[in-house]
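S.K.: How does the following fold in three dimensions:
(one chain, ligands or ions: 2)
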Amino acid sequence: MLYLFILPAVLMAPTLTEDQIRTARSMSPVPPPPSSPTNAMADDPAAALLGQSLFFEPGISGKGTTSCSSCHQPTLAFSDGRHVSTGAGVGIRNAPTLLGAAHQRWFFWDGRADSLWMQATHPIEDPLEMNAARGDVVQFIAHTPQLRRRYESLFGPIPELGALPAGLTPESEQWNSLTSTQQQSVNEIFVNLCKCLAAYERQLQPGDSDFDRWVASFESPDAGPALSDSAIRGFQLFTGDAGCWQCHFGPLLSDREFHDLGLPAPDGSPSTDPGRGEGYATLRASSFRADGPWSDAPESRAARRAAAARIGPEHWGAFRTPSLRNVALTAPYMHDGRFASIAEVLEFYNTLETQARRHHHAEDVLQPLNLNAAQLADLEAFLRSLSGAPPATHLLGPLQDTPPTAIPGDQIRHSTPPAATKGAPIHE
Ligand code: HEC
Ligand code: HEC
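M.R.: Ligands and ions are numbered 1, 2, ... in the order given. Predicted coordinates for the structure are as follows:
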């Protein structure tokens, strides 16, 4: 029986250590998202329905042509397949998946929002995304019967705002011609809509994947298809020698924090995108933050944590570790969509040849891995095992009972887009 002992290692099913079993269990299943005390509507089913209507509604964009779903497409795990997103203009960042987004504590690659509802305030008004004016969004809701009905059943009657001037934002000149009650109403309706969008997004959970079925099978060996040996070896590398686990851990495979991997600008020089270095300042300058006047729990722990965050020079050029759930569906990769395939991402981590250190504060956690082709294939097989079933079908499109049409003849305006400025995030 000597031949048993000379089988090449690759043919033997990988065996797991106690530690590896514990690690796998800490990654699966994905629990429900944490509570969101700053949003009183977070878990309200009626709010989620209004949020769903809004998510697929181009009428809330400046030109009436872009909805959230233009860049967060249900068939692409709510990403858009582009290097960087295009709405009213061409952006500078890649659209991340929304599956599991509600688990994050900082939103956007640079963390410039500290709640899911605050996040939604940005794309609606961003000149490169939906480029809408707050006043026009409010008018659109007021004049679209189904949306108005849903809104009023949640928040009470929309106050009579009179004829608001077109293109009304707090930055516009006409803003000061409103009474403070009118200003307050416009802001309040806008914030309420964003809280409903967040309620919808909280339902977008990553579905069970082969990886989850494998972990479940530890308890009941008949539970379903186990992972391929290659994916299991990939898991062992990922959580072991390859060191990915330092930043990609937990059910989302994200530490939910920021790191500078030293990805260079296209010409090879250090990138000029400040990432977290600017994101935090943008967050603090906005009144929509978790500890601000529009929050439903400004004193909550979550709100205080955001207020107490400390930003140092090491955050310049750092981006939030993305979730790797459904990563096979969300190409291209990284904050700027620079890598077309998982293989290209792995090549970067393996050699670090293209890495550009931008300053001496940059982390040097990453070391070239020097893995061979078979090991890289194992890592990729593991990453591919994280693709899960999509959310329930009824969440994947506009609500059937709310065709997104306005009353004919109503004076709904779509403001002419201002000259696109350089991705400047909108804040108050
Ligand atoms: C023009 C394309 C575009 C549109 C339209 C758009 N987004 Fe995004 N979305 C992006 C991009 C690009 C990012 C990443 C931007 C960044 O990090 O700077 C993003 C980020 C996000 C995030 C953060 C996810 C995370 O993990 O931090 C959420 C949530 C989100 N969008 C929801 C929405 C909602 C809700 C709407 C509609 C109100 C919307 N988006 C409209 C492109 C778009
Ligand atoms: C020091 C923390 C850290 C380590 C270690 C790390 N990553 Fe990452 N990973 C990140 C960050 C941060 C990003 C986003 C970087 C950016 O866009 O600038 C990222 C991006 C990715 C992406 C792209 C996902 C997407 O949706 O764009 C993949 C895939 C990935 N990492 C896999 C791995 C693998 C595999 C390993 C181990 C070989 C690894 N990571 C090690 C922090 C880390």
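
S.K.: Which stretches in the chain count as strands?
M.R.: Applying DSSP state E to the chain gives strands spanning 258-259, 319-320.

S.K.: Which strands or helices does the last one pack on?
M.R.: So that's strand 319-320. Helices and strands touching strand 319-320, by 3 or more Cβ pairs under 8 Å, 6 or more residues apart in numbering; DSSP states H and E, are strand 258-259. In this view, the C-beta of every residue, glycine as well, is placed from N, C-alpha and C.

S.K.: follow-up on the earlier one: tell me the most buried of the strands of the chain?
M.R.: strand 319-320 (a mean of 24; mean count of other Cβ atoms under 10 Å).

S.K.: from the chain's centre, how far out does that one sit?
M.R.: 11 Å (Cα atoms, centre = their mean, to the nearest Å).

S.K.: Okay, now the sheet partners of it, with direction.
M.R.: strand 258-259 (antiparallel) (DSSP bridges).

S.K.: And the average pLDDT for the partner strand is what?
M.R.: Averaged across strand 258-259, pLDDT comes to 96.

S.K.: and the residue of the stretch 201-350 of the chain nearest ligand 1?
M.R.: Glu201 (5.9 Å; Cβ to the nearest ligand atom).

S.K.: quick one, what contacts that residue?
M.R.: 51, 55, 98, 101-102, 116 (Cβ atoms under 8 Å, 6 or more residues apart in numbering).

S.K.: try Arg105
M.R.: 114, 256, 302, 305-306.

S.K.: In helices only, show me the contacts of Glu201.
M.R.: Judged by DSSP state H, helices contain the following of the contacts of Glu201: 51, 55, 116.

S.K.: Turn those into JSON lines, including neighbour count.
M.R.: Formatted as JSON lines, the ones in helices among the contacts of Glu201 follow (neighbours: other Cβ atoms under 10 Å):
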{"residue": "Gly51", "neighbour count": "26"}
{"residue": "Phe55", "neighbour count": "26"}
{"residue": "Leu116", "neighbour count": "26"}
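
S.K.: Just put those residues in a markdown table and tack on distance to ligand 1 and pLDDT.
M.R.: As requested, the ones in helices among the contacts of Glu201 are arranged in a markdown table below (distance: Cβ to the nearest ligand atom, whole Å; pLDDT from 0 to 100):
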| residue | distance to ligand 1 | pLDDT |
| --- | --- | --- |
| Gly51 | 8 | 98 |
| Phe55 | 6 | 98 |
| Leu116 | 6 | 98 |
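
S.K.: can you tell me which of the residues you listed lies nearest to ligand 2?
M.R.: Leu116 (18.2 Å).

S.K.: So that closest one sits against His103, correct?
M.R.: No. Between Leu116 and His103 there is no contact under Cβ atoms under 8 Å: 9.9 Å.

S.K.: Give the closest residue to Ala102 in space, chain neighbours not counted.
M.R.: Among residues not flanking Ala102 along the chain, Pro33 sits closest, at 3.6 Å (Cβ to Cβ, 6 or more residues apart in numbering).

S.K.: got the contact list for the one you found?
M.R.: 100, 102-103, 202, 205.

S.K.: could those go into TSV alongside distance to Ser185?
M.R.: Below are the contacts of Pro33 laid out as TSV (distance: Cβ to Cβ, whole Å):
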residue	distance to Ser185
Gly100	34
Ala102	28
His103	33
Arg202	26
Gln205	34
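
S.K.: number of nearby residues for Arg384?
M.R.: 19 (other Cβ atoms under 10 Å).

S.K.: how many neighbours does the residue nearest to it when sequence neighbours are not counted have?
M.R.: Nearest non-adjacent residue to Arg384, counting by Cβ to Cβ, 6+ apart: Ala328, 4.7 Å away. Look at Ala328: counted by other Cβ under 10 Å, it has 16 neighbours.

S.K.: Pick out the least confidently modelled helix or strand of the protein, by mean pLDDT.
M.R.: helix 301-308 (a mean of 87; mean pLDDT, DSSP states H and E).

S.K.: How about residues contacting it?
M.R.: With Cβ under 8 Å, 6+ apart, helix 301-308 has contacts from 36-38, 105-106, 114-115, 283, 289-291, 295, 297.

S.K.: circling back: and of the contacts of Arg105, the nearest to ligand 2?
M.R.: Nearest member of the contacts of Arg105 to ligand 2, counting by Cβ to the nearest ligand atom, is Arg256, at 10.7 Å.

S.K.: Got phi/psi on that closest one?
M.R.: phi 60, psi 20 (degrees, to the nearest 10).

S.K.: For it, give me its contacts.
M.R.: Per Cβ under 8 Å, 6+ apart, neighbours of Arg256: 103-106, 320-321.

S.K.: before we move on, back to that, I'd like the strands of the chain written out as TSV, with distance to ligand 1 added.
M.R.: Formatted as TSV, the strands of the chain follow (distance: least, Cβ to the nearest ligand atom, whole Å):
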stretch	distance to ligand 1
strand 258-259	12
strand 319-320	7
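
S.K.: Looking at those, spot the one closest to Pro270.
M.R.: Ranking the strands of the chain by proximity to Pro270 (Cβ to Cβ) places strand 319-320 first, at 13.8 Å.

S.K.: ok, and does that closest one reach over to ligand 2?
M.R.: Yes. Strand 319-320 is in contact with ligand 2 by Cβ under 6 Å from any ligand atom, via Phe319.

S.K.: Identify the residues contacting that strand?
M.R.: So strand 319-320 is contacted by 104, 106, 108-111, 254, 256-261, 275-276, 334-335 (Cβ under 8 Å, 6+ apart).

S.K.: go again using 6 Å as the cut-off
M.R.: Contacts to strand 319-320, defined as Cβ atoms under 6 Å, 6 or more residues apart in numbering, come from residues 106, 109, 111, 258, 275, 335.

S.K.: For those, which single residue is the most surrounded?
M.R.: Gly111 (27 neighbours).

S.K.: which residues in the protein form helices?
M.R.: 18-26, 45-55, 68-71, 116-125, 134-142, 145-155, 180-201, 210-216, 229-238, 276-285, 301-308, 342-351, 373-384.

S.K.: Close to ligand 1: what parts of the protein are there?
M.R.: 55, 66, 68, 70-72, 85, 87, 91, 93, 95-96, 98, 101, 104, 107-110, 116, 119-120, 123-124, 129-130, 197, 201.

S.K.: And those, which of them are buried?
M.R.: 55, 66, 68, 70-72, 85, 87, 91, 93, 95-96, 98, 101, 104, 107-110, 116, 119-120, 123-124, 129-130, 197, 201 (16 or more other Cβ atoms under 10 Å).

S.K.: relative to helix 276-285, how tilted is the least confident helix or strand of the chain?
M.R.: 120 degrees (axes from the mean of the first three to the mean of the last three Cα atoms, to 10 degrees).

S.K.: I appreciate the help and will end here.
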